[in-house]
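Novice: Sharing a model prediction with you, sequence too.
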Amino acid sequence: MTDAGRDGEPRRGGFWATVKAVLWAFFGVRRRRDYQEDAASLDPKAVIVAGLVGGVLFVLVLVMVVRLVVGNA
């Protein structure tokens with residue numbers, strides 16, 4: 001369960017909590033309890049943006065690695 005703020009709304013996760021949740025999602029392993037906490041506390045829009053940015057960075061790193069390997073072959 002998550003802590004509630006003063007006005008009764010659940011606390012929102014910050015930037016690092018969103019990044020951590022997205023990285024765990026890329027890895028594909030997450031405990032049910034942690035997933036439920038993330039679902040209750042993270043802003044869906046922030047998760048989508050972080051996922052898109054993470055995906056683009058992942059593809060760019062793969063392209064750079066392939067160019068480096070092919071260039072040295």
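Specialist: Thanks, I have it. Numbering: from 1, shown residues only.
Novice: going forward, measure contacts between C-alpha atoms and count neighbours the same way
Specialist: Will do.
Novice: Now Gln36: which helix or strand?
Specialist: Assigned by DSSP states H and E, Gln36 belongs to helix 32-41.
Novice: can you state the direction angle for the next helix or strand after that helix and helix 32-41?
Specialist: Sequence order places helix 44-71 as the next helix or strand after helix 32-41, per DSSP H and E. If you take axes from the mean of the first three to the mean of the last three CA atoms, to 10 degrees, helix 44-71 sits at 120 degrees to helix 32-41.
Novice: Determine the set of other helices and strands touching helix 44-71.
Specialist: Applying 3 or more CA pairs under 8 Å, 6 or more residues apart in numbering; DSSP states H and E, we find helix 44-71 packed against helix 15-27.
Novice: what angle separates the helix it packs on from helix 32-41?
Specialist: Angular relation of helix 15-27 and helix 32-41 on a 0 to 180 degree scale: 130 degrees, by the same axes, to 10 degrees.
Novice: give me the low-pLDDT residue ranges for the chain?
Specialist: Scanning the chain for pLDDT under 70 picks out 1-11, 73.
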